[in-house]
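Enquirer: No letters, just coordinates:
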Ligand code: HMG
Ligand code: MG
């Protein structure tokens, strides 16, 4: 068996990727409480909101107000999505020190998601990333639909590599590889992931799996065997993407942690504490969250 990494960094995207697709809008103070519970669990990277058009994603329309409600924790980095210069203006005004720009490997998806072609979005991001650097704001990049697009079908790995390169060339410090509709299998991860690590430092690539087809844990395990060490996840398995019809939430942070803990891979995150955060937000939403590990009580005995 190949050697697995000793430690993994988890980027918690539940307050953004999760809540953006929930039909119920959560009050700002409750979001802040949820984020505090996540920070107290040991998660160090938490994506908390989006500075996008409030009409496009009304669930996150309170991004500016939310940031003033957040408690600072040592070593915790809060970040938010930014699609253009207007979004960066808002991020700067909020005092946030990390943002993420987001594009796709599929032209059609990108137009539906941010009303821009892929090349156009890269041209829009370039001055955003340059100005962010001057403001001491670090930038992550996302590539959506890296395996399958809901409109265009399977996506060529060369296309994913081109968009990833364009993001690194403009100065982002990490690129998250999105399986937006959760359709990838370990074979796809081996092929596209393998192509990407032949061209980029593996410690600058994050894997972002949605769990629509129940493949996310298998895809993480495949990625671990290839040496990937950064994974995005959502507490409880919240959410999805409003512009990817039928896509369900990210891999649940609990499911990811259970796997990593049992494999002996360090994360610095407490599964029991993430469960508390998920139970809190599930109560606010008035629905059970899909995470298998959150639902079972067996894990309570193991941990
Ligand atoms: P647009 O309509 O083309 O924007 O939307 P525009 O530049 O033509 O401007 C139109 C109006 O929007 C103007 O206002 C602008 O000021 C305003 P008006 O003059 O009409 O009053 N505007 C803004 N307002 C607030 N904040 C802004 C902003 N920008 C323009 N930043 C836009 C383009 C990108 C804004 C829009 O398409 C948008 O907001 N899209 C957001 C889509 C989104 O958030 N999708 C979900 C996140 S991506 C995801 O989930 C995938 C990921 O998880 C990875 C994966 O799973 O694959 C990351
Ligand atoms: Mg996503």
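Expert: Structure's in. What do you need? These numbers were taken from a predicted model, which means no experiment stands behind them. Ligands and ions are numbered 1, 2, ... in the order given.
Enquirer: Can you check what pLDDT the model gives whichever residue of the stretch 151-300 of the chain sits closest to ligand 1?
Expert: Closest to ligand 1 within the stretch 151-300 of the chain is residue 178: 2.6 Å, counting by C-beta to the nearest ligand atom. All C-beta spots, glycine's among them, are computed from the backbone N, C-alpha and C. Listed pLDDT for residue 178 reads 98.
Enquirer: Where does it sit: helix, strand or coil?
Expert: On the three-state scheme (DSSP: H, G, I helix; E, B strand; the rest coil), residue 178 is labelled strand.
Enquirer: residue ranges with poor pLDDT in the stretch 151-300 of the chain?
Expert: Where the stretch 151-300 of the chain drops to pLDDT under 70, the residues are 240-242, 297-300.
Enquirer: Spell out the residue ranges of the strands in it.
Expert: Remark: strands assigned in the stretch 151-300 of the chain by DSSP state E, counting those that start in this stretch are 153-154, 174-179, 205-209, 230-233.
Enquirer: out of these, nearest to residue 283?
Expert: Minimum separation from residue 283 across the strands of the stretch 151-300 of the chain (C-beta to C-beta) falls at strand 230-233, 20.3 Å.
Enquirer: Show me which residues of stretch 154-161 are buried.
Expert: Using 16 or more other C-beta atoms under 10 Å as the test for burial, stretch 154-161 gives 155, 157, 159-161.
Enquirer: Stretch 255-272 now?
Expert: Within stretch 255-272, the residues that qualify as buried are 255-261, 265, 267, 269-271, counting by 16+ other C-beta under 10 Å.
Enquirer: Quick one: those as JSON lines, columns for distance to ligand 1 too.
Expert: Output for the buried residues of stretch 255-272, formatted as JSON lines (distance: C-beta to the nearest ligand atom, whole Å):
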{"residue": "255", "distance to ligand 1": "17"}
{"residue": "256", "distance to ligand 1": "15"}
{"residue": "257", "distance to ligand 1": "20"}
{"residue": "258", "distance to ligand 1": "22"}
{"residue": "259", "distance to ligand 1": "20"}
{"residue": "260", "distance to ligand 1": "20"}
{"residue": "261", "distance to ligand 1": "25"}
{"residue": "265", "distance to ligand 1": "23"}
{"residue": "267", "distance to ligand 1": "21"}
{"residue": "269", "distance to ligand 1": "20"}
{"residue": "270", "distance to ligand 1": "25"}
{"residue": "271", "distance to ligand 1": "23"}
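Enquirer: Could you list the contact residues of the stretch 1-150 of the chain toward ligand 1?
Expert: 17, 20, 50-53, 56-57, 81, 83-84, 86-87, 102, 113-115, 142, 144 (C-beta under 6 Å from any ligand atom).
Enquirer: near ligand 1, from the buried residues of stretch 154-161?
Expert: The overlap between the buried residues of stretch 154-161 and the neighbours of ligand 1 (C-beta under 6 Å from any ligand atom) is empty.
Enquirer: Pipe those residues into CSV and attach distance to residue 193 per row.
Expert: Formatted as CSV, those follow (distance: C-beta to C-beta, whole Å):
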residue, distance to residue 193
155, 13
157, 9
159, 14
160, 9
161, 11
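Enquirer: Could you give the number of residues near residue 211?
Expert: Neighbourhood size, residue 211 [other C-beta atoms under 10 Å]: 25.
Enquirer: ok, it to residue 183 distance?
Expert: Distance from residue 211 to residue 183, counting by C-beta to C-beta, to the nearest Å: 11 Å.
Enquirer: Check residue 75 too.
Expert: Noted for residue 75: a distance of 35 Å to residue 183, by C-beta to C-beta.
Enquirer: Out of these two, name the residue with the larger neighbour count.
Expert: Per other C-beta under 10 Å, whichever of residue 75 and residue 183 has more neighbours is residue 183, with 20 against 9.
Enquirer: Thought residue 148 was touching that one, still the case?
Expert: Yes: when contacts are counted by C-beta atoms under 8 Å, residue 183 is listed as touching residue 148 (4.1 Å).
Enquirer: ok, the residue of the stretch 151-300 of the chain closest to ligand 1 - how many residues close by?
Expert: Per other C-beta under 10 Å, the neighbour tally for residue 178 reads 30.
Enquirer: change the start of the numbering to 892 and stick with it
Expert: Okay, using 892 as the starting number, the last item reads as residue 1069.
Enquirer: Quick one: residues contacting it.
Expert: 995, 1033-1037, 1099, 1101 (C-beta atoms under 8 Å, 6 or more residues apart in numbering).
Enquirer: closest to ligand 1 among those?
Expert: Using C-beta to the nearest ligand atom, residue 1035 is the member of the contacts of residue 1069 that lies nearest ligand 1, at 3.2 Å.
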